[in-house]
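Visitor: Predicted structure and sequence below. I'll ask about it afterward.
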Amino acid sequence: MRVLLVAEQLRRRVPGGIGTYVRGLLMGLSQLEAAAGPDHRAEVTLWASRGGRPDPLAGLGPSLVTSRLPGPALTRAWDLGRCPAPSGFSAVHAPSLAAPPTRSVPLVVTVHDLAWRRLPDAFPGRGLRWHEAALARVLARARFFVVPSRAVADALVGAGAPTDRVEVV
């Protein structure tokens, strides 16, 4: 299985919790591969906006595919349904609501929380609007959702995700 992992959050000046999640996911996959052996490995490729030279993402282990677009333009293109994920992969995993469109492969989106809905006063208006629009996009595009807890699963199902497409890990 060839998986394209969206690593755009690692391009941010402050990668935040999602960046930490991506690094942890890569570490966990590496450990699983070491334990399971080469016959049971998923080939992971990172995808992100263009980076500096040398590219710090190139040292994370998996191969790296970069867009010609800078980060803000790439994520805006995704918001507009443009710049789909590169072809040649079995699945695309977006670790946040900033998810690209895909052509014909499943999109798997990790939803960490729906905090903007529970605590709207903690978010600027622009952030609230982006999160709601991004949630609507992934509800329409994603084949599966990965969530960290039953509470997030329930909130996501309440927002419109089919129960059978939400997996708590």
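Guide: Great, that's in hand.

Visitor: Is Phe145 in a helix, a strand, or coil?
Guide: For Phe145, the assignment made with DSSP: H, G, I helix; E, B strand; the rest coil gives strand.

Visitor: okay but Leu5 is in contact with Pro62, surely?
Guide: Yes. The pair Leu5 / Pro62 is scored as a contact, 7.2 Å apart, by C-beta atoms under 8 Å. Placement of C-beta: from N, CA and C, glycine included.

Visitor: helix or strand right after the one helix or strand in the chain whose mean pLDDT sits lowest?
Guide: The weakest-scoring helix or strand in the chain, judged by mean pLDDT, DSSP states H and E, is helix 16-36 (a mean of 90). Using DSSP states H and E, the helix or strand that follows helix 16-36 in sequence is strand 43-48.

Visitor: Run through the neighbouring helices and strands of that next one.
Guide: strand 2-6, strand 63-66 (3 or more C-beta pairs under 8 Å, 6 or more residues apart in numbering; DSSP states H and E).

Visitor: In CSV, list the C-alpha atoms belonging to that strand.
Guide: The C-alpha coordinates for strand 43-48 follow below in CSV (Å, rounded to 0.1, in the frame of the first residue of the first chain):
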residue,chain,number,x,y,z
GLU,A,43,5.1,2.9,1.8
VAL,A,44,4.6,6.4,3.1
THR,A,45,5.4,9.5,1.1
LEU,A,46,5.2,13.0,2.5
TRP,A,47,3.5,15.8,0.6
ALA,A,48,4.0,19.5,1.3
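
Visitor: And it, what's buried?
Guide: 44-48 (16 or more other C-beta atoms under 10 Å).

Visitor: Make JSON lines out of these and add distance to Ala58.
Guide: Listed next are the buried residues of strand 43-48 as JSON lines, based on distance: C-beta to C-beta, whole Å:
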{"residue": "Val44", "distance to Ala58": "14"}
{"residue": "Thr45", "distance to Ala58": "12"}
{"residue": "Leu46", "distance to Ala58": "9"}
{"residue": "Trp47", "distance to Ala58": "13"}
{"residue": "Ala48", "distance to Ala58": "10"}
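
Visitor: got those residues as TSV, with distance to Pro162 and pLDDT columns?
Guide: Supplementary listing: the buried residues of strand 43-48 in TSV, determined by distance: C-beta to C-beta, whole Å; pLDDT from 0 to 100:
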residue	distance to Pro162	pLDDT
Val44	26	94
Thr45	28	96
Leu46	29	96
Trp47	26	97
Ala48	29	96
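
Visitor: Fine by me, we can end here.
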